[in-house]
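Asks: what follows is a predicted structure for the sequence shown.
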Amino acid sequence: MTIEIRVPQLPESVADALLVTWHKQPGDSVARDENLADLETDKVVLEVPAPNNGVVKELKVEAGTTVTSGQLLAVIEPGSAGEPVGKASAKAASKSGGPAAAAAAKAPVEDAGKLSPSARRLVEENQLDASDIPASGKDGRITKGDVMGFLDGKSSPPAATAKAPAAAKGERSEQRVPMTRLRQRIAERLVEAQSTQALLTTFNEVDLQAVMALRSRYKDQFERTYGVKLGFMSFFIKASIEALKKFPLVNASIDGSDIVYHEYYDIGVAVSTDRGLMVPVVRDADLKSVAELEKEIGTYASRARDGKISIEELTGGTFSITNGGVFGSMLSTPIVNAPQSAILGMHKIQERPMVVDGQIVVRPMMYLAMTYDHRIIDGREAVQFLVAIKDSLEDPGRMLLGV
């Protein structure tokens, strides 16, 4: 009896998905829970796992096709896979293209566990051997940037030569690439936020010497105790929650003609990925310790970059934080993640001369930016909210002790 592989049940907010990549072809052996294909929605990349060991009999849908919940994707002949995963596809490739093609067919499958979805797609499209690509990702994972760098470093990549001959000297070439669903959704939400909210940004600066001294003093012991590095984001989440408690309107949202006050603190933390910006939500952040926050942030960031974040982990949130400083940004005006009413922007820490007690001293300074919906938050509250964050960060001991 054959096994039908169908599109998993999509969340209510997702109407359909794009079948981006098949990782198996007819005749390939497949192991239980092995990923057969990537489905891209406007929020996340979903994997289609094999329910049992077997061999792929037939693919019903081509890559690049839009599919819906429950749609038939493939058929598998059940049974014990007689060959290691990837061997069948390598054999098929060797018949038509020789040893080089066999190696190219085999490598992307056998190394799939070490590749992010976007990197895996590039490896397969360019018929690369993943074992030749230096990995810079966590736990030896190959990222999209690693593959792009590998392609740039090759004198004449076979796939690039076959697909698009190099432009003649002086020729002005263009390339048209469709936006991913996530990028389309990001664009829609940004335009929607700017057209439906009265956005305004206020700025301040914070002296992070006390935070950096505390972090430097305890970071080694913290990592030994909790198994996670002590970063800066947990301090900013804690400081934001202290300020949100003082100014509940910043944690509220507009629903029609009503103001909804959220008596909980679900903090969105923006994460940059190969596919675009994602904002996983740390729920009940006020109830979590610094170690719990750091672990959750790290887990979400890793899952988002690997394309394994779930839609549920991206929905909701009462306030967001974004850190452009990791890319070198000194100052920016972040856009509110609607229907939230405000967002905090962090920036690069830079030593600057400051006047302290009448003396010029060098201090690690960061500019802070808060964009807010002026329909619900007045300028006075926005300024005082940002000052409250500044005060907490400049005296982190008081903040962490709750005094």
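Replies: Nice, thanks for sending it over.
Asks: from here on, contacts and neighbour counts on C-alpha atoms
Replies: Fine.
Asks: list the buried residues of stretch 144-152.
Replies: In terms of neighbour count (16 or more other C-alpha atoms under 10 Å), stretch 144-152 has its buried residues at 144, 146-147, 151.
Asks: for stretch 272-280, same thing?
Replies: 273-280.
Asks: now, which of those residues lie within strands?
Replies: 273, 276-278 (DSSP state E).
Asks: given the longest strand seen in the chain, what are its sheet partners and their directions?
Replies: Assignment by DSSP E gives strand 359-373 as the longest strand of the chain. Pairing partners of strand 359-373, with direction, according to DSSP bridges: strand 199-207 (antiparallel), strand 342-346 (antiparallel), strand 350-356 (antiparallel).
Asks: closest one to residue 173 among the ones you listed?
Replies: Of all these, strand 342-346 sits nearest to residue 173, with 37.3 Å by C-alpha to C-alpha.
Asks: who touches the closest one?
Replies: By C-alpha atoms under 8 Å, 6 or more residues apart in numbering, the list of residues contacting strand 342-346 from outside reads 250-251, 319-325, 332-337, 366-373.
Asks: and this structure, what are its domain boundaries?
Replies: Listed by automatic domain parsing, the domain ranges of the chain are 3-163, 185-401.
Asks: which stretches of the protein have low pLDDT?
Replies: Within the chain, the segments meeting pLDDT under 70 span 12-13, 80-114, 116-118, 121, 137-139, 152-168, 403.
Asks: thought residue 303 was touching residue 309?
Replies: Yes: look at residue 303 against residue 309 with C-alpha atoms under 8 Å: they come within range, at 5.0 Å.
Asks: which of these two has more neighbours?
Replies: Between residue 303 and residue 309, counting by other C-alpha atoms under 10 Å, residue 309 is the more crowded of the two (21 against 16).
Asks: how about that one, what does it touch?
Replies: Counting by C-alpha under 8 Å, 6+ apart, residue 309 makes contact with 44-45, 300, 303.
Asks: can we see that at 7 Å?
Replies: Going by C-alpha atoms under 7 Å, 6 or more residues apart in numbering, residue 309 touches 44, 303.
Asks: hang on, the earlier thing: if we only consider the buried residues of stretch 144-152, which is nearest to residue 3?
Replies: Of the buried residues of stretch 144-152, the one sitting nearest to residue 3 (C-alpha to C-alpha) turns out to be residue 144, at 33.0 Å.
Asks: with adjacent residues omitted, what lies nearest to the closest one?
Replies: Distances taken as C-alpha to C-alpha, 6 or more residues apart in numbering put residue 119 closest to residue 144, at 4.1 Å, once the chain neighbours are dropped.
Asks: name the surrounding residues that touch stretch 295-305.
Replies: 228, 271, 273-274, 280, 309.
Asks: buried set for that stretch?
Replies: 295-297, 300-305.
Asks: of all those, which comes closest to residue 341?
Replies: Using C-alpha to C-alpha, residue 297 comes nearest to residue 341 of the buried residues of stretch 295-305, at 21.9 Å.
Asks: moving C-terminal of the host helix or strand of that closest one, what's the next helix or strand?
Replies: Using DSSP states H and E, residue 297 falls within helix 290-305. Next along the chain after helix 290-305, taking DSSP H and E as the criterion, comes strand 319-323.
Asks: if I look at the residue most central in space within the chain, how far off is residue 326?
Replies: Centroid check for the chain by C-alpha atoms, centre = their mean gives residue 304 as the closest residue, at 3.5 Å. Note on residue 304: its distance to residue 326, by C-alpha to C-alpha, to the nearest Å, is 17 Å.
Asks: repeat that for residue 261.
Replies: To residue 326, residue 261 is 32 Å away according to C-alpha to C-alpha.
Asks: contacting residues for residue 262?
Replies: Applying C-alpha under 7 Å, 6+ apart, the residues near residue 262 are 251-252.
Asks: sorry, back to before: how about the contacts of stretch 295-305, which pair is most distant?
Replies: Longest distance between any two of those is 24.0 Å, between 228 and 274; criterion C-alpha to C-alpha.
Asks: from what I see, residue 348 and residue 325 are in contact.
Replies: Yes: with contact defined as C-alpha atoms under 7 Å, residue 348 reaches residue 325; the gap is 3.8 Å.
Asks: re earlier: and the longest strand of the chain, how far from the chain's centre?
Replies: 26 Å (C-alpha atoms, centre = their mean, to the nearest Å).
Asks: can you give me the helices for the stretch 51-200 of the chain?
Replies: With helices called from DSSP state H, counting those that start in this stretch, the stretch 51-200 of the chain shows them at 87-110, 117-125, 144-153, 158-163, 181-196.
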